[in-house]
Structure formats: C-alpha cells, structure tokens
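Asker: I'll drop the sequence and a predicted model, then ask my questions.
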2 protein chains.
Amino acid sequence: MNNPRFNIAAVERDTGLSKDVLRVWERRYGFPVPDRDDHGERIYPAEQVERLRLVKRLMDAGHRPGKLLATPTEELNALAPRRPEPPGAASGAGAAAELGDLMSLIKQHDGAAYQQAMQQRLARQGLERFVQDTVAPLTRLVGAAWEEGSVEVFEEHLFTELTKRLLRQAIATLPGGKRSPRIVLTSVPDEPHVLGLLMAEALFALEGAECIPLGTQMPLLEIARAAAAHRADIVALSFSVAFPKRQIPGLLQQLRTVLPAEVALWAGGGGVKRLPEVAGVELLISLERSLVALEAWRRKQM
Amino acid sequence: MNNPRFNIAAVERDTGLSKDVLRVWERRYGFPVPDRDDHGERIYPAEQVERLRLVKRLMDAGHRPGKLLATPTEELNALAPRRPEPPGAASGAGAAAELGDLMSLIKQHDGAAYQQAMQQRLARQGLERFVQDTVAPLTRLVGAAWEEGSVEVFEEHLFTELTKRLLRQAIATLPGGKRSPRIVLTSVPDEPHVLGLLMAEALFALEGAECIPLGTQMPLLEIARAAAAHRADIVALSFSVAFPKRQIPGLLQQLRTVLPAEVALWAGGGGVKRLPEVAGVELLISLERSLVALEAWRRKQM
DNA sequence: TTCTACGTTTTGTCCTGGACAATTAGTTCG
DNA sequence: CGAACTAATTGTCCAGGACAAAACGTAGAA
C-alpha cells in the first residue's frame, strides 16, 4: 500500500504535464526534484505527484507556474479561484440553491439519488429548459468547484458519467423522421469532454436537426471524411474551458481548410469564449447562440 | 481546402505516435521526412501523416515498424491482418451473417437503422444474451475490420457512440434497491475505451451488483480515493486490445499497492488476454469469466 | 483616471544526438 | 521439435540549448 514509484511517463499520464514541462520546471524552478533509479532516470515520489496535480489545477484556474512553484505547499490556501466571481444574479437564489443540492448529492457519492433528482427535473422542465437551466449551470458549478479544489477527480467523473446517461437517454426518446440540417457533432483529439456536445445535440435534435454523434477525439482529416460520408451540412465542435486556448484558432483554421466550403463549421463550449474570430467558422459562445445560429442557417437556405 | 500544415504536436495527436518516436524514426529509417519551417521546426505534409496512420494501424495488427517503413506505400496490400483467423465455428453461420448485417448498416452510415435493429435484438434476446451474443462479438468484428483497414475511424466512432447509448439505456432500466457487492468501474489514463466497461456493468448489474461507473481515464491515485469514498468491494478495470500490453502489469501492480488489501482488483477486456498473472489481481479474460468471478467473490464472503 | 502601445519576463515547445533496457527475432544445440 | 542463447530491433529517456508566443508591467495619450 506504500511507496508507488512513478516514472516520468506515469507522471505525465497522471498530471497531464508533458515530459518536456516536467524537465524544464526541474531545471528552472527546482521543482519537482525526483529521485533517480539505477540508470539515472527520474523516479517521482507520490507526494511530489500530488503537489504537481495541485499546481496544475491552480494553473488551470489562472495562476502562473513560476509563482506557484516558489510557494510552499501551504499555498493550498491560495485555492481562491480568483475569478471575479460574478454573483449569480441571473437566476434567483432558489435556483442556485437547488443546483447546490444536486451537487451535494454527488459529493455524498449518492449516484442513485442524483439520478432520481435529475430525472424529476427533466420531467418537470422538459428537455430544452432542463439542458439550459439545469445541466448547463450545474456543469459550470462543478467546473468552478473543480477549480477551487472542492471536488475530487472521481466525483467529477461520476457527475459526468451520470449526466451523460441522462442526456443520452433523453435524446433517445426524441422522435425520428426526416430531419434537417444534418449536423456532425464531435471534438478534436485531446478534447475528451462530451457533455457540451450532448447538450448541443439535445437542443439541435429538439429543433428538428439530424444529429450524427461521433463521440470525441476525431483526427482532423477524419472529421472531413465523416462530413463527406454523412453528407453533413454542419460540423459542430466542442471545446471545454480546460482545452488550451492557444491551440484553438490554429485547429479551426486547419479544419476549415480540409473541409469543403459548403459545409459550415461551428465551434462551441466554454473554450471559445473571448476567442478571436476565425474566418469561415461560427463561434457559439453560448447554448442560446447555438439555436440562433441554427435558425440563421435555415433562413440562409431559403 | 489544400495543404494543411501539421507540426509535430499535431502529428502526435492525429497518429498517436509520440514526438520521440517520430524523431527517432526519421533518424533511423528515413521516414517521415518532414519539411522545415523558418525556425527549423518540422512540418509534416498531410500525405506523410496519412502514411503514418496506416503504419500505426498495421503495427497495432502486429507488424514491425522497421519492415513497414522500408516498404513503399503499396504495402497497402499487406493489409492482411495476419491473425490466424480462427474460423467462427463457435456460432452458427446465421449468427455471423446477422452481425455482418449490423456492421454493414454502420458502413452505410445509417445510424437510425442500426439503432433500430439493435433495439430489436435487445428486446428479443434480453440484456444478458444481447451483451454476450450481440454486442461483444460485434465489437470484436468491428475491431477486426479496423485492423484490416476496412472501417474508417469515423465509422468506428459512430458504432461506439451508438452502442454506448444502447447499453446505457438498457442499464438505466434495471431496477434499483439494495445491491451488493459495490463495484467501481473505470479505466486507467490513456485507456479511453468504454464499451468493455459498459458490457461488464450490464452483466454485473443484472446479477444484482451495485455498479459505480466513473467513466474512463482515472489517475491511479484517484481510483484508490474513489474506492474508499464509495466503500467499494471491487475495482474493475478494462483494457482494450489497443492498450500497450507491456504497461499493463506495471500499472496493475502499482494500483494494487495503493489500494487497500480488502478491495479486490479485477482487470478485464481484450488487453488482458495472454497476460502473466499479477499478484492480487484477478484477470477476467472473458465476460463469462467476469460472472464466475462475481459468484466466487460472493461465496468467499459467506 | 482609463485606455492603448510598447518593452520585458515568463513559459511551453521544439531541437539534436546520445544512451540503454526490454522486447523480438534468429540461431544453435540438446 | 523445443530450449537456451545471441543479435537486432525499438521505444523511451536524458541533457541542455534555443526561440516565439503569451502574459505582464509600465509609460504615455485621451
């Protein structure tokens, strides 16, 4: 039960920090300082891996590595998510409290109760409002708690898994028939988050679009092939807030070049907020905007 | 629409070959030979990326890189999956044909028809036989076709996504109540495949176990935490055939050391076939064996 | 004061070329 | 024909240098 030994590849897996970053941090900041095995290769004690995970989390929340790594581990208190915290004035306090209740079910690891509560909300609100007023804000809430460190990785996974099931189930009950436009939904490699895609799919399907869900992590060239094979009118991608922002414009531009001009390219999710425009790409900065875009697309076809 | 430029990170993403491998292949075998940009950094033409994908696929099927990279691209014909191809004598020819029909629906990109056909089979067979006689062999069939190159990436994604939905939906309809044992289901980082987990979950849930599905790609230390938080009796992992076999024993051993001794550790999926025993880990080489293991666990508790 | 333009620092990624251990293939011997 | 051994193959790791893009901070303009 003691003393697992992490080599540099294991640390990369478990922290998401690349080997290059791990080595250059060691050189520059003096942390981490792994032991070495017989062959001079790095062996990280579990304690340092923990601290790296913490640092990574705080970085995702906007802190800078240089500062963090100079601080002793009591920066655990620097957990302050340091986002200006826009007070949720949009929705009433009652709604916020209800969402908090849902999250606390997750934090009590009571998956069954969570599922039941969500099913009830779905029945009460209907799918469209359920997506916009429950799933979306709850996802943001969990994301915020994650940045704060008040949610464990496995709790977040449980939340994601159960919520995925609810959405998929709801989507499955929608009627079939002749539908348009045809929308391929997927994400790029290194973007494993699927909740945003499912929310979009639910809304698009409600509006009568034909959704072709391809899951996550499609290589760019494959996305182009899929669009051709499915005679798609639109390719919709999702980028989570966790996705490295810098890479997004390049990716979109690259995909735009391999995609036929008559296929629209839409990009949504938390990752595309405050992003510069990319020629030929529609940035959907919110779920509502997705529906606006869909309507605009339809008008343009006539 | 032409000439997308892949840097080495993009190629790593799209092919799954690490930067180190890409550079060392260039040094040793003279392929790939990317162009260089103004700063001397590698720029891979799309054509070479394609070829790398092909090579990777053939490697996963058992070929060796040294040979492949020395062969001109007409090794497209070496597609022969070179597995001894055990003729499917186990199930009647009729069953095999039916599975082929299902797969051809995917290859025609007719998701709706596929879903309907699978729903029918589920209703006809019941969940247990549906999992064992339809989903499992169909998954193997798609995997074999994938190695052969007769299935596109996006077709495989569509199959996976739709099948996931069917299984999750079926699981959701199972009754709740007091259940035992408590089984945490997940996979390690770098193992994104979830179909195996879902099949196992369906069977376990049918047998009255309490399944806690955490999705895929949990860091090892988090798996231990999740097991504690959920008071799990068993942690069940899934390794697909695509997962690098060498890493599995080390991973299992490492997880075994961080997991309390009273929590059982089970590993299943195509990746654990022909694997040496690991102390304290139950290797489930088939779905049937999973049920045997569950029964054995129950007997031991009495 | 608030905002914009510009220099500075920080930071991630890429580079080369060497080394080595673990797996796999091939060969010889019992 | 199988087992033991040698040779080739192959992925991963290492060091340390370099550089561009992003973040930051400061000064000047509105």
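Answerer: That came through, no problem.
Asker: now do stretch A:202-218: distance to the chain's middle.
Answerer: Chain-centre distance of stretch A:202-218: 17 Å, with C-alpha atoms, centre = their mean, to the nearest Å.
Asker: is chain B within reach of that stretch?
Answerer: Yes - judged by C-beta under 8 Å from any C-beta of the partner chain, stretch A:202-218 and chain B are in contact via A:I212, A:P213, A:L214, A:G215, A:Q217, A:M218. (C-beta placed from N, C-alpha, C; glycine too.)
Asker: pull the CA atoms of that stretch into PDB?
Answerer: Taking C-alpha atoms only, stretch A:202-218 is exported to PDB below (Å, rounded to 0.1, in the frame of the first residue of the first chain):
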ATOM      1  CA  ALA A 202     -30.200  17.700 -27.300                       C
ATOM      2  CA  LEU A 203     -31.100  21.300 -28.400                       C
ATOM      3  CA  PHE A 204     -30.400  20.700 -32.100                       C
ATOM      4  CA  ALA A 205     -32.500  17.500 -32.000                       C
ATOM      5  CA  LEU A 206     -35.400  19.300 -30.400                       C
ATOM      6  CA  GLU A 207     -35.300  21.800 -33.200                       C
ATOM      7  CA  GLY A 208     -35.600  19.000 -35.800                       C
ATOM      8  CA  ALA A 209     -32.000  18.700 -36.900                       C
ATOM      9  CA  GLU A 210     -30.500  15.400 -37.800                       C
ATOM     10  CA  CYS A 211     -27.600  14.800 -35.400                       C
ATOM     11  CA  ILE A 212     -24.800  12.500 -36.100                       C
ATOM     12  CA  PRO A 213     -22.900  12.000 -32.800                       C
ATOM     13  CA  LEU A 214     -19.300  10.700 -33.400                       C
ATOM     14  CA  GLY A 215     -18.100  10.900 -29.900                       C
ATOM     15  CA  THR A 216     -14.900  12.800 -29.000                       C
ATOM     16  CA  GLN A 217     -11.400  13.000 -30.300                       C
ATOM     17  CA  MET A 218     -11.600  12.700 -34.000                       C
END
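Asker: rounded mean pLDDT for it, please.
Answerer: Averaged over stretch A:202-218, pLDDT sits at 93.
Asker: next one: stretch A:293-302
Answerer: 90.
Asker: what's in contact with that stretch?
Answerer: With contact meaning C-beta atoms under 8 Å, 6 or more residues apart in numbering or on different chains, stretch A:293-302 is reached by A:P181, A:F204, A:E207, A:A209, A:D233, A:I234, A:A264, A:W266, A:E282, A:L284.
Asker: for the last one, the count of nearby residues, please.
Answerer: Right, the one you point to is A:L284. Residues within reach of A:L284, counting by other C-beta atoms under 10 Å in any protein chain shown, total 23.
Asker: show me what it bridges to in the sheet.
Answerer: Per DSSP bridges, the residues bridged to A:L284 are A:G268.
Asker: now whatever residue of the stretch 51-200 of chain A ends up closest to DNA strand C. Its backbone dihedrals?
Answerer: Scanning the stretch 51-200 of chain A for proximity to DNA strand C using C-beta to the nearest atom of the strand identifies A:G66 as nearest, at 2.2 Å. Torsion angles at A:G66 (phi, psi; degrees, to the nearest 10) stand at phi -60, psi -50.
Asker: ok, it touching A:F31?
Answerer: No - applying C-beta atoms under 8 Å, one finds A:G66 not in contact with A:F31, separated by 11.0 Å.
Asker: measure A:A209 to A:S180 for me?
Answerer: Separation of A:A209 from A:S180 (C-beta to C-beta, to the nearest Å): 7 Å.
Asker: and these two? Which one has more around it.
Answerer: A:A209 (23 against 12).
Asker: show me the strands in the stretch 201-302 of chain A, by range?
Answerer: For the stretch 201-302 of chain A, the strands defined by DSSP state E, counting those that start in this stretch cover A:210-213, A:234-238, A:264-268, A:281-284.
Asker: those strands: lowest mean pLDDT?
Answerer: Set side by side, the strands of the stretch 201-302 of chain A differ in mean pLDDT, and strand A:281-284 is lowest with a mean of 88.
Asker: so the strand or helix carrying A:R27, near DNA strand C or not?
Answerer: Element membership for A:R27 (DSSP states H and E) is helix A:19-29. Yes - legend: contact between helix A:19-29 and DNA strand C by C-beta under 7 Å from any atom of the strand is shown at A:D20, A:V21, A:V24, A:W25, A:R28.
Asker: now do stretch A:240-247
Answerer: Yes - contact between stretch A:240-247 and DNA strand C is present through A:P244 (criterion: C-beta under 7 Å from any atom of the strand).
Asker: for that stretch, what is the average pLDDT?
Answerer: Averaged across stretch A:240-247, the pLDDT comes to 76.
Asker: got the confidence number for A:N7?
Answerer: On pLDDT, A:N7 comes in at 89.
Asker: in CSV, list the residues of stretch A:202-218 next to chain B along with neighbour count and distance to DNA strand D.
Answerer: As requested, these are exported to CSV (neighbours: other C-beta atoms under 10 Å in any protein chain shown; distance: C-beta to the nearest atom of the strand, whole Å):
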residue, neighbour count, distance to DNA strand D
A:I212, 26, 32
A:P213, 24, 31
A:L214, 27, 27
A:G215, 22, 25
A:Q217, 18, 19
A:M218, 25, 23
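Asker: which residues touch A:E201?
Answerer: Applying C-beta under 8 Å, 6+ apart to A:E201 gives the contacts A:L167, A:I171, A:L185, A:C211, A:P213.
Asker: quick one: it from chain B, how far?
Answerer: Shown here: A:E201 relative to chain B, a distance of 10 Å by C-beta to the nearest C-beta, to the nearest Å.
Asker: right, and A:H109 touches A:L158 too?
Answerer: Yes - applying C-beta under 8 Å as the test, A:H109 and A:L158 come out as touching, 7.2 Å apart.
Asker: that older thread, select, out of the strands of the stretch 201-302 of chain A, the one closest to A:G196.
Answerer: Of all the strands of the stretch 201-302 of chain A, it is strand A:234-238 that lies closest to A:G196, at 4.0 Å by C-beta to C-beta.
Asker: quick one: that closest one near chain B?
Answerer: No - in terms of C-beta under 8 Å from any C-beta, no part of strand A:234-238 sits within range of chain B; the closest distance is 11.2 Å.
Asker: so which of A:H109 and A:L158 has more stuff around it?
Answerer: Each of A:H109 and A:L158 has its neighbours counted (other C-beta under 10 Å); A:L158 has more, 26 against 17.
Asker: show me the helices in the stretch 1-150 of chain A, by range?
Answerer: Here the stretch 1-150 of chain A has its helices, by DSSP state H, counting those that start in this stretch, at A:8-15, A:19-29, A:46-60, A:65-70, A:93-107, A:111-129, A:136-148.
Asker: counting contacts, what elements does the fourth one pack onto?
Answerer: In other words, helix A:65-70. Where contact means 3 or more C-beta pairs under 8 Å, 6 or more residues apart in numbering or on different chains; DSSP states H and E, helix A:65-70 is packed against helix A:19-29, helix A:46-60.
Asker: now swap in the fifth one and tell me
Answerer: Based on contacts counted as 3+ C-beta pairs under 8 Å, 6+ apart, the elements that helix A:93-107 packs against are helix A:111-129, helix A:136-148, helix A:153-172.
Asker: for A:P276, find the nearest of those helices.
Answerer: The nearest among the helices and strands packed on helix A:93-107, by C-beta to C-beta, is helix A:136-148 at 23.0 Å.
Asker: hmm, that closest one in reach of chain B?
Answerer: No - figure legend: helix A:136-148 not in contact with chain B (C-beta under 8 Å from any C-beta); closest approach 12.7 Å.
Asker: let me see the mean pLDDT of that helix.
Answerer: 86.
Asker: quick check: angle from that helix to helix A:46-60?
Answerer: Here helix A:136-148 points in a direction 130 degrees away from that of helix A:46-60 (axes from the mean of the first three to the mean of the last three C-alpha atoms, to 10 degrees).
Asker: check which residues of helix A:136-148 are buried.
Answerer: A:A136, A:P137, A:L138, A:T139, A:L141, A:V142, A:G143, A:A145, A:W146, A:E147, A:E148 (16 or more other C-beta atoms under 10 Å in any protein chain shown).
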